[in-house]
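Engineer: Curious how this folds, go ahead:
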Amino acid sequence: MNTATELTLTASDFRDGIQYFGPTWPGSDQLAARPVIAEDQTALADPAAPEAAFQTLLAADALRYLTLQICGSKASGHPGGYASSAEAHAALMMLGHKHIVTEVGHHAPGFYSAMFLDGSLEAMDIRTVSDLRARFRERHGLLGHLSGAIPGLLAPAGPLGQGQHFAMGGALLNPGTLFPVTIGDGGLGEPYIMSAFMHFKTAFPQVTNYLPVLVWNGYSQEHHSMVSLMSNEAMTAYWQVHGFEDVILVDAKDFDDSGQDGAYVDSTRFSLSQRLAFQGAVLENLDRAAKQALSGTRTAFILKQLKGAGVHAIGAKAHNLYPADTLDAAHIIQGLERRALHVDAWELVRTNLMRAGGGPAAKTVATERERELPGLGDLPLKDFPLGESQVPATCFGAVVAAVGQRDPAFVVTNADGNEASAMKNINDALKIRHPTADPLYNQSPNGQVYEPLNEDACAGLAAAIALFGGRSLWLSYESFAINGWPIVQTVSQAMAELRRKTPSQVNMFTAGALEQGRNGWTHQRPEIESYCAAMMRNGNHFPLFPCDANMIQAAYEWALGTHNKSIAIFASKTALPVRTTLAQARQAIEDGAVTLYETASGSGPLLVLAVAGDMVLLPAFTARDALEQAGARVRIVSIANPRRLYRASDVSWNSVSEPDGTFMDDTTFAGLFDADALLAISGGPSATLEPVLLRSQCRRDALCWQRGETVAAAGELMSFNGVDAPAIEARARGLLGL
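Structural biologist: Alright, predicted model coming up:
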């Protein structure tokens, strides 16, 4: 083997940093004489041509080599799973398809290698392999799992079971463009993947331009995958019963001439002729799969090959590098030497991948530019009179309906039913997307309301659409939202890193714990609010607690005007008094809080009741009467947008895309919350009250949710949790010494 130093590469040569080069492959003089993707082409012309398989296999080995070397450079990272997918990833790119997402965050080093070879990472000033090695798994570099902020990469990948949402969301927003998604058989154990595919197929039968690529390598992270014993026929049937009309499986075992045992084999151990035959089969079948998916046939592709194929180890032992797995370790050196390409082969691979798809993915894929959206104009917000009783969720639904009517691509997702949350008006206007047309149930094949009975599928599609530039809304019961929250958290972080503007990811959660009396504790899980509260410090997450029908309209109006944020609105489906004008409501969302009531006169001690929520204001106002009779003065403040109530130093606001550095100043905060005592109250957990409790300098305490119980009415549940009027009065008297 020759070393890069011996070849005296210049520091500006992209190959600088490659440690090992190999001899030319037999047949290179004919099959690698010129790039198979011509200068004026975006893909190879003939997938069946011998030079197509030859040069695609060179690309696959280049990807394997870089994946192992950059992981070895940090003795950290995950080369094994990606290595078994290299033939498929290389084939997709050579066929001109670069809108590739993945369910497998552990494939990150392979995806980074692909973006390096196609020139995309030059946007990060990563121009050589030395740069690639230096920036891998480092801050301001290439994080250990995929991020949509990396030039050319469409979406993040960390938790398993998410990538399919990005593929389907991208396909929905971009007809005519193929969105392949690689899925590992370790991740296939997640229940969400196949159910999400099935419901999407039922709801959007005309959308077929996404292509699952199952990387079936027999292993998960530390053991055999749970589907490792399935036969090829069983795996094919598994995908067929989930709505895929054609399932194309290419099994490396069918090409093995090296006598490997077991159902899973390493194609890099075949003779060159059989390696080329295998790569050719992958290339031709992926071309067929892609064309079918783009022309109306829902297709899945399965690549069956042993995990770790072509790198330093096989099976689960290839999954992760540990501190001893350095570039000086013998097994890493041997793995690199086996995959080493001739110096000229690297130039050929890079030229092909840079031309594929019309240029570097960082300049060509849909998510690298801001999506044009139809204007919404003036939304039909109603200024309900003070004191009138209105259902916040229903008033919110009227605005949602208007958004959907003005933006045909807008999608609302909901698992538990809009009618159950007092938002039937959304269904009336936008219709539930369903193959069975039935006006009684507002069902239509062309509806804009997506209703799988799976919160992950709801949150996943909504989050994917927002990340990819569209408007969406996830509606859920507060108690069930946790089942879909992981992908919202993933997308929130991704939006914080994006280099482009995209509509904020908006959620609205109804039926808070206090409304769910007779349902019992199964429906009384407001802990999702704690998750939201913790995320406020990220810099781009905003939980909103509108106190009435006017303020929920203002909250959604504000959310629609933001970008790259994650916004969760919490509101009731119960008729409640209107306590703010629309103007006051807008100001409250902008500022963070608003005074709803203050005792007009008197000289008694002043108590602030700082309340996050709407229904819990009922006992607060009742307690006010008793406290005033006892001689206290009372100010009731609605905490509407608690993120605004932090100090700027509390939040990583200036580290995110589209930063929002608006925080309530000390003078305004004092005008709202300074008093002789402060009692912070929440119908959910106390975490949302943290900004007020942190900044307040007066004697203070908090009342909040404790746990669920089956009760007949909201008042009984408030009493059980110690947030009813007597409890508020008693705690307030203690604070004031009355």
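Engineer: got the CA positions of stretch 101-121 in PDB?
Structural biologist: Taking C-alpha atoms only, stretch 101-121 is exported to PDB below (Å, rounded to 0.1, in the frame of the first residue of the first chain):
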ATOM      1  CA  VAL A 101     -33.100  10.500   4.700                       C
ATOM      2  CA  THR A 102     -32.500   7.800   7.300                       C
ATOM      3  CA  GLU A 103     -34.100   6.300  10.300                       C
ATOM      4  CA  VAL A 104     -30.700   5.300  11.600                       C
ATOM      5  CA  GLY A 105     -28.700   8.000  13.400                       C
ATOM      6  CA  HIS A 106     -25.800   5.600  13.600                       C
ATOM      7  CA  HIS A 107     -25.300   5.800   9.800                       C
ATOM      8  CA  ALA A 108     -24.100   9.400  10.300                       C
ATOM      9  CA  PRO A 109     -20.500   8.900   9.300                       C
ATOM     10  CA  GLY A 110     -21.500   7.300   6.000                       C
ATOM     11  CA  PHE A 111     -23.900  10.100   5.200                       C
ATOM     12  CA  TYR A 112     -21.200  12.700   6.100                       C
ATOM     13  CA  SER A 113     -18.800  10.800   3.800                       C
ATOM     14  CA  ALA A 114     -21.300  11.000   1.000                       C
ATOM     15  CA  MET A 115     -21.800  14.700   1.500                       C
ATOM     16  CA  PHE A 116     -18.100  15.200   1.500                       C
ATOM     17  CA  LEU A 117     -17.600  13.300  -1.700                       C
ATOM     18  CA  ASP A 118     -20.300  15.200  -3.500                       C
ATOM     19  CA  GLY A 119     -18.900  18.600  -2.400                       C
ATOM     20  CA  SER A 120     -21.700  19.600  -0.100                       C
ATOM     21  CA  LEU A 121     -19.500  19.900   3.000                       C
END
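Engineer: Please save the CA atoms from stretch 316-336 in CSV.
Structural biologist: Taking C-alpha atoms only, stretch 316-336 is exported to CSV below (Å, rounded to 0.1, in the frame of the first residue of the first chain):
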residue,chain,number,x,y,z
ALA,A,316,-22.8,-6.3,16.2
LYS,A,317,-19.0,-6.1,17.0
ALA,A,318,-18.8,-3.7,14.0
HIS,A,319,-21.4,-1.3,15.4
ASN,A,320,-19.4,1.0,17.6
LEU,A,321,-15.8,2.1,18.0
TYR,A,322,-14.3,2.3,21.5
PRO,A,323,-11.2,4.1,22.8
ALA,A,324,-8.9,1.3,21.8
ASP,A,325,-10.1,1.4,18.2
THR,A,326,-7.7,4.0,16.9
LEU,A,327,-6.2,4.5,13.5
ASP,A,328,-3.0,2.8,15.0
ALA,A,329,-4.9,-0.3,15.9
ALA,A,330,-4.0,-3.3,13.7
HIS,A,331,-7.6,-4.3,13.0
ILE,A,332,-8.5,-0.7,11.9
ILE,A,333,-5.4,-0.5,9.7
GLN,A,334,-6.3,-3.8,8.1
GLY,A,335,-9.9,-2.7,7.5
LEU,A,336,-8.7,0.5,5.8
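Engineer: Give me the mean pLDDT for it.
Structural biologist: Mean pLDDT, computed over stretch 316-336, is 95.
Engineer: Same question for stretch 413-425.
Structural biologist: Regarding stretch 413-425, the rounded mean pLDDT is 92.
Engineer: what's the straight distance from one end of that stretch to the other?
Structural biologist: 14 Å (C-alpha to C-alpha, to the nearest Å).
Engineer: So for it, what gets flagged as buried?
Structural biologist: For stretch 413-425, the neighbour count (16 or more other C-beta atoms under 10 Å) marks Thr413, Asn414, Ala415, Asp416, Gly417, Asn418, Glu419, Ser421, Ala422, Met423, Lys424, Asn425 as buried. To be clear about C-beta, it is placed using only N, CA and C from the backbone, and glycine gets the same treatment.
Engineer: how much space between the residue positioned nearest the centre of the chain and Ser472?
Structural biologist: With distances taken as C-alpha atoms, centre = their mean, the chain has Val491 as the residue nearest its mean C-alpha position (3.2 Å). Val491 sits 11 Å away from Ser472, going by C-beta to C-beta, to the nearest Å.
Engineer: Find residues that contact each of these two.
Structural biologist: By the contact definition C-beta atoms under 8 Å, 6 or more residues apart in numbering, Val491 and Ser472 are jointly contacted by Ala463, Ala466, Gln505.
Engineer: and the gap between the first one and Phe200?
Structural biologist: Which is Ala463. Ala463 is 14 Å from Phe200, by C-beta to C-beta.
Engineer: Please, where are all the strands along the stretch 601-738 of the chain?
Structural biologist: Assignment of strands within the stretch 601-738 of the chain using DSSP state E, counting those that start in this stretch yields the ranges 606-612, 633-639, 677-682, 699-703.
Engineer: quick one: which of those strands is nearest Glu388?
Structural biologist: strand 633-639 (17.0 Å; C-beta to C-beta).
Engineer: Just the buried residues of the closest one, please?
Structural biologist: Arg633, Val634, Arg635, Ile636, Val637, Ser638, Ile639.
Engineer: which helices and strands sit right next to that strand?
Structural biologist: Contact here means 3 or more C-beta pairs under 8 Å, 6 or more residues apart in numbering; DSSP states H and E; on that basis strand 633-639 packs against strand 593-598, strand 606-612, helix 617-629, helix 666-673.
Engineer: residue ranges with poor pLDDT in this structure?
Structural biologist: The model of the chain has pLDDT under 70 over residues 1-8.
Engineer: Could you chop it up by domain?
Structural biologist: In terms of domains, the chain is parsed into 2-362, 389-736 (source: automatic domain parsing).
Engineer: Including distance to Pro380, could those domains go into TSV?
Structural biologist: Listed next are the domains of the chain as TSV, based on distance: least, C-beta to C-beta, whole Å:
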stretch	distance to Pro380
domain 2-362	26
domain 389-736	5
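Engineer: okay but Leu607 is in contact with Gly734, surely?
Structural biologist: No: taking C-beta atoms under 8 Å as the definition, Leu607 is not a contact partner of Gly734, at 10.9 Å.
Engineer: When the two are compared, which one has more neighbours?
Structural biologist: More crowded of Leu607 and Gly734, by other C-beta atoms under 10 Å: Leu607, with 28 against 13.
Engineer: if I look at that one, how far off is Ile639?
Structural biologist: Going from Leu607 to Ile639 by C-beta to C-beta gives 16 Å.
Engineer: next one: Thr299
Structural biologist: Remark: distance between Thr299 and Ile639 (C-beta to C-beta) = 51 Å.
Engineer: now Leu121
Structural biologist: Here the distance between Leu121 and Ile639 works out to 44 Å (C-beta to C-beta).
Engineer: And for Ala727?
Structural biologist: Using C-beta to C-beta, Ala727 is found at 19 Å from Ile639.
Engineer: swap in Asp676?
Structural biologist: Per C-beta to C-beta, Asp676 is found 19 Å from Ile639.
Engineer: now swap in Thr10 and tell me
Structural biologist: Taking C-beta to C-beta, one finds Thr10 at 60 Å from Ile639.
Engineer: do the same with Glu87
Structural biologist: Distance from Glu87 to Ile639, counting by C-beta to C-beta: 55 Å.
Engineer: cool, and Trp25?
Structural biologist: According to C-beta to C-beta, Trp25 stands 67 Å off from Ile639.
Engineer: my guess is Phe200 contacts Val207, does it?
Structural biologist: Yes: under the criterion of C-beta under 8 Å, Phe200 makes contact with Val207 at 7.4 Å.
Engineer: How many residues are close by Arg288?
Structural biologist: So Arg288, with other C-beta under 10 Å, has 16 neighbours.
Engineer: so when I look at Leu214, I'm seeing a strand, right?
Structural biologist: Yes: the assignment for Leu214 (DSSP: H, G, I helix; E, B strand; the rest coil) places it in a strand.
Engineer: please begin residue numbering at 58 from this point
Structural biologist: Happy to do that; since the first residue is 58 now, the last one works out to Leu271.
Engineer: So it sits against Leu360, correct?
Structural biologist: Yes: if you go by C-beta under 8 Å, Leu271 and Leu360 touch, sitting 7.0 Å apart.
Engineer: Show me which parts of the biggest helix by length in the chain are buried, residue by residue.
Structural biologist: Looking across the chain with DSSP state H, the single longest helix is helix 107-131. Under the neighbour-count criterion of 16+ other C-beta under 10 Å, helix 107-131 has 108-131 buried.
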